[in-house]
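> I would like the atomic coordinates for the input below:
(3 chains)
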Amino acid sequence: MTLTPPETPQDGIPANIPSKASAVSLRPVTLTQRADFLRASRTAHTATPGFVVQMRRRDAADHPGLVRVGFTCSKKVGNAVARNRAKRRLREVARLALPDHAQPGCDYVLIGRKGTTATLPFATLQSDFLKALAILHGKKK
RNA sequence: AAGGGGGGCGACUGCCGCAGUCGUCGUUUUGCGGGGCAAAACGACGUAGAGGAAAGUCCGGACUCCAAAAAGGAACGGUGCCGGGUAACGCCCGGGCGGGGUAACCCGACGGACAGCGCCACAGAAAUGAAACCGCUGCCGCAAAGGUCGGGCAACCGAAACUAGCGGCAGUAAGGGUGAAACGGUGGGGUAAGAGCCCACCACGCUGGUGGCAACAUCAGUGGUCUGGCAAGCCCCACCGGGAGCAAUGCCAAAUAGGGACCGGCGUGUCACCGCAAGGUGACGGGGAUACUUUUGCCCCCUGUCAGGUCCGGGUUGGCAGCUGUAGCUUGCGUCGUAAGGCGCAGGUCAGAGGAAUGGUCAUCUAAGGCGCAAAGCUUGCUUUGUGCUGGCACAAAAUCCGGCUUAUAGGCCUUCCGCGCAU
RNA sequence: GCGGGUAUGGUGAAAAGGUAUCACGGCAGCUUCCCAAGCUUUAGUUACGAGUUCGAUUCUCGUUACCCGCU
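Modelled structure (predicted):
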């Protein structure tokens, strides 16, 4: 894993995305490759009662201006119903907040937690996510 | 106790699918020199979008590949009262038998232990051919103590018979601290003591009659007791089953790659140019191309110094098909059937993708529940009425598709039935 | 998704229908001035729930957890 150069081409991202992202609105691309999640797990992260946020700033040559976001709910969260519910709520949080508050060129990963992600009030999740983003951006600067 | 059913109408915003054939409008990107065409992506509109168990993966199929002429057999595995239903089943329906419950009703791996083998620890006389042992009884032999009789004032002496006991012969299986289980049970007669030895009832086996398609039930006769238990031990009998699974499988593209080895067959299309030759290039010709019905054009590939057959690698990735509508499912009516279900007619039936889509914020209705408040009634801690707040809160997410089973399911609700209490 | 397998003291294993054994480790005691070694002793619902059987770790069914294979 450590022998892999960071400039490895990303097969999961279509080649036409970067040039388009500047022209159209800032729409986050969803992460699907396991390698992206592993890379993000080694970077800065902030925990809130409802979820954990990780942020990774990619290299400048790798699709600058593109915001990517991923969601993770392990089997610890619960059965398939609980995992799906947690992922949906995290997706809604990211959809509402990222276009206004995300920094281009970054990957964000949201991790669901057992119980709380599916049960906390939605407004609490939203405010926690904004706080977490502020902490992460401040840490990077 | 049985069955049904697992909220409705919506708003804003978001997710995902769509050959939406003749929806519309645009923008961007890629390929080719351009034109033009094709493909992809995005936005708006339209339209569709989780369950009764989608779950567990426990059975049965459809479908696909492998093997195979058909059929049979062996091994292995499964099923197991009888009849019916079904594409099929280990499922369902009806019946029988056994068990549970006051009842409604529920539960049952429910063939065979005289085909054979095996096991039954400990305890117990004995764990299955039955017999031995302790006992019980009769006869024979030996034989006390005590009692009886005789003698003696008494201590005591003597005599005969019986008995406990001991030994032998014979009868017997009633009884036997056990044990999960002891070759019938209870009662009576009988006997030296006993025994199905005899009798009545019950249980069991056999034979026959009757009812039933059958499982089985019932009646009569008979045997006098023989088959102790375990087959979710091996096994026997009857029936069923070839193996693997949509990550099956087929096609296309990229890539190592103009791959390598062998077999046997055939005998080098025409023209032009280059070359000493081997050979190369071009034209004509022939064939192919994941295709959707055809046509045309362009482009690409193969071949003409070989068509064909057999064998030999590991690693990596993308696209399309399979892919959702039928052995269908379901609603209504008719008809056959006790039922499961069958047949006929009419209607309804659009999730199908990438590791995978339904979320967020609200509103309202129908009722039930929960937490309160007030009033009334009394049965004094409940009921009724009014009112406020709360109010998708259970189990659980399609992944090829169907028929079942099993398991998980909140608050309750609806229909039918049973028991108990009270009132009439 | 499809298919297969395993659960026994704290750990690793055995038992093959008859009241669960071995090794290491833990607790306690003996021994020693103290420790180590040695000796003695102790702790299990055989993953959970049912069934067959007189009797189940063993046989059968269901549940849970974990592991493995297949693109």
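> only C-alpha atoms for contact and neighbour calcs from this point on.
Noted.
> where does chain A have low pLDDT?
Scanning chain A for pLDDT under 70 picks out A:1-42, A:58-67, A:75-78, A:99, A:104-105, A:115, A:118-119, A:139-141.
> Select the longest helix from it.
For chain A, the longest helix by residue count, based on DSSP state H, is helix A:80-101.
> next helix or strand past that one?
strand A:106-112 (DSSP states H and E).
> List the pairing partners of that following strand within its sheet, with orientation.
strand A:51-57 (antiparallel), strand A:68-72 (parallel) (DSSP bridges).
> For A:T116, which of the ones you listed is the nearest?
Closest to A:T116 of the strands paired with strand A:106-112, according to C-alpha to C-alpha: strand A:51-57, at 7.9 Å.
> Check whether that closest one comes near RNA strand B.
No: figure legend: strand A:51-57 not in contact with RNA strand B (C-alpha under 7 Å from any atom of the strand); closest approach 14.6 Å.
> can you give me the angle that strand makes with helix A:80-101?
50 degrees (axes from the mean of the first three to the mean of the last three C-alpha atoms, to 10 degrees).
> which residues touch strand A:51-57?
A:39-41, A:43-47, A:105-113, A:116-117, A:129, A:132, A:136 (C-alpha atoms under 8 Å, 6 or more residues apart in numbering).
> List only buried entries from those residues.
Among the contacts of strand A:51-57, those buried by neighbour count (16 or more other C-alpha atoms under 10 Å) are A:40, A:44-46, A:105-113, A:117, A:129, A:132, A:136.
> Good, wrapping up.
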